Each structure stands twice: as structure tokens, then as C-alpha cells.
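Peer 1: Model the structure of this input:
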Amino acid sequence: MDPTAALTEIATLLERERSSRYKSKAFRAAAEAIAGLSDAQLVDTAALRRRKGIGESTLAVIQQAVAGKVPDYLQDLRERIAPQKQSQLRGLLRGDLHCHSEWSDGLTPIDLMVHAARALGHEYLALTDHSPRLRVARGLSAVRLREQLEVVAGFRDDRFTLLSGIEVDILDEGELDQEDGLLDELDVVVASAHSKLRMESRPMTRRLVAAVSNPRVDVLGHVTGRLIAGSRGTRPPSEFDAQAVFAACAEHRVAVEINSRPEREDPPDELIAVALAEGCLFSIDSDAHAPGQLSLLDEGAARAERAGVPAERIVTTWPLDRLREWTRRA
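Peer 2: Next up, the predicted model:
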């Protein structure tokens, strides 16, 4: 087995199960460290031990792969993360409008996110790193976002499009945490609340309605902010008038995100039902922070299918031309 492929698959599976970021980064670093080595170099154990980026666990994977075996570490992960039966809706998804790179709090460079998206068969992927107020996530200032736009433009070809975007923070009164003129330049704007999530219901309702009423917003991200599991612990959902918020989304043709991360499952099923009744559009997104997490779309699609969300109301089933028409609706 190719050792670089084995190390990369391990990193991808660790990301998929949302393991420690340090583990997946270690395997990606080892894959990079041995890229381009000859067969003779790959069997030189002493030299491999001295090579930066290779530790005992990654060395064992390399040795077993070079010997023609599926490494034990990889086999254990494959058995633990067995692929689920794909929902019918998953097969209709063409892309993903919410992911992060190492420019903010993602784990990898943009090119690895693009490579993984292409491997999954995506036609498009929106890069939506955080906005400046979210300092803990290294949110992008206007200057850094403009720099990123130049990088994003280099990933467009006939088969795949990397869309420019942002996950812009919804501020306390519903304002957006980035310059209006710069937001106008982006392909996709996902607006999410990340602070003061325990705000009382009435001001939180006003805050969210104000945000989705802004013509620059395309998607309302993880609307309740809840966490139901995972390393960050749990967090209750924000309180707001869901009917009022989703009515505003429907009026302004802002898609309600069905966030695919299992620790979020946001919106909860009962709120998906409210959004359906109000006539909302939806966007099934991975909120991936690493390449292996892009496949979490499986989870979101299964939830949406169980909730009875029609495919034609899910913007991520649309071809790119139709998606662009929708984001240019203003």
C-alpha cells in the first residue's frame, strides 16, 4: 500500500470522526514529510526516524504500508468509521456553502479542502472563513480577506469552482461583522451568531431578523448555536421566535442552514418543520474545518431527508448557474 495514501486516509478518517486536531495534523505532516521519497528511502528506518514530522505511530504506518499491508491503525479506523448507507438526497447534493481553512480556524490549507471536495464529486465549494470579531478563530480582517480572494480565484476551472465567501458574525443588533463593500464582492455570505447566544428571546429575534433582512446575506448558519455533544461540551439552543425568523428568511430568500456536524444537528428537527411551513429555502452544509469533515454532508442529508425537506428547496442541490442567480438576487 502506498504509505503517503495510508497516512492521508488516516488523517481524513480522524477528521471525519472529529478526533483531536493534533492527531490528524500529525498524520498529514508525516504524509508531507515522505512525499517524493524513493523506495530505498522509505525502508531506511534510521533516516525516517530523523526526518522531521515522523513519529513512532506514523513510522509504524509507513513500515506496514511499504511491506504491502494495510496498516493496523488504518484498519482499525476503517472498521470504526464504517461508511453509512447514503441517503437518496445525498446523491443530489452538488456542493457545500460552509467550510473553513487554516486562514481562520480550519486545520489545513485551502488546496487540501479543494482536493477533498473534488474527490467527493462536488461541483462547487464555498470557502467561508470567519470574520474579524471572532478572534479566537483568527477571523479575517478586511485586508486578509482581500488577500484570500486572490488565492480563491486561482482554484476555478471547468470542472470545479471554489466560491469566495465568509461566515460573517451577526453582531448584537443584527449588523454584519465586515465591510459592506467587501461583502458585495463575495459569492456566498453565511451569517451566524457566535456570541451572546443566551440573549433574551425578543432581542435575539430582532437580531436574527435584522441579519437575514440584509440583502448581502445568503445563508443563516447554525441558527440556534446549540451543541449536543463533543469535546466542547454541550450548550442549549438560543431562544427566539422561530416563526418570525424563518418568515423573514423566506421573505428575503435566505437559506436556512442544515448544519451537518453531529455535535450541532442545527436546527433541531422541530425548527426544520417550522422553516418548512414558512416556505424557507435550505442549504445542507458541512461546516467542515478539515478535509475529512466535508463528507459530513452525509449526516445533514440524512436528517433533511427524514424531515421531509424537498430537494428543490435545497440550494446545494442546484447547479452552479442557478446558485449564482440566487446569490445575485439583490
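Peer 1: how far out from the middle of the chain is stretch 156-164?
Peer 2: Mean-position distance between stretch 156-164 and its chain equals 17 Å (C-alpha atoms, centre = their mean, to the nearest Å).
Peer 1: Next, the buried residues of that stretch.
Peer 2: Neighbour counts using 16 or more other C-beta atoms under 10 Å place F160, T161, L162, L163, S164 of stretch 156-164 among the buried residues. Glycine gets a C-beta too; all of them are placed from N, C-alpha and C.
Peer 1: TSV for these, including distance to E175, secondary structure and pLDDT?
Peer 2: Below are the buried residues of stretch 156-164 laid out as TSV (distance: C-beta to C-beta, whole Å; DSSP: H, G, I helix; E, B strand; the rest coil; pLDDT from 0 to 100):
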residue	distance to E175	secondary structure	pLDDT
F160	34	coil	95
T161	29	strand	96
L162	28	strand	97
L163	24	strand	97
S164	21	strand	97
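Peer 1: Out of these, which is nearest to V143?
Peer 2: S164 (15.3 Å; C-beta to C-beta).
Peer 1: secondary structure class for V143?
Peer 2: helix (DSSP: H, G, I helix; E, B strand; the rest coil).
Peer 1: what about it, how many neighbours?
Peer 2: V143 has 10 neighbours, counted by other C-beta atoms under 10 Å.
Peer 1: Could you report the distance from it to L176?
Peer 2: Distance from V143 to L176, counting by C-beta to C-beta, to the nearest Å: 17 Å.
Peer 1: ok, of the buried residues of stretch 156-164, which one's closest to V254?
Peer 2: L163 (16.6 Å).
Peer 1: so which of the buried residues of stretch 156-164 comes closest to A244?
Peer 2: Relative to A244, the closest of the buried residues of stretch 156-164 is L163; by C-beta to C-beta it sits at 29.6 Å.
Peer 1: can you redo the buried residues of stretch 156-164 as JSON lines with distance to Q293?
Peer 2: Shown next, in JSON lines, are those (distance: C-beta to C-beta, whole Å):
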{"residue": "F160", "distance to Q293": "18"}
{"residue": "T161", "distance to Q293": "20"}
{"residue": "L162", "distance to Q293": "17"}
{"residue": "L163", "distance to Q293": "18"}
{"residue": "S164", "distance to Q293": "20"}
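Peer 1: Settle this for me: I284 is touching D298, isn't it.
Peer 2: No: I284 is beyond contact range of D298, at 10.0 Å (criterion: C-beta atoms under 8 Å).
Peer 1: So which residues of the stretch 151-300 of the chain form helices?
Peer 2: 180-185, 201-212, 242-252, 269-277, 297-306 (DSSP state H, counting those that start in this stretch).
Peer 1: now the angle from the longest one to helix 242-252?
Peer 2: Meaning helix 201-212. 10 degrees (axes from the mean of the first three to the mean of the last three C-alpha atoms, to 10 degrees).
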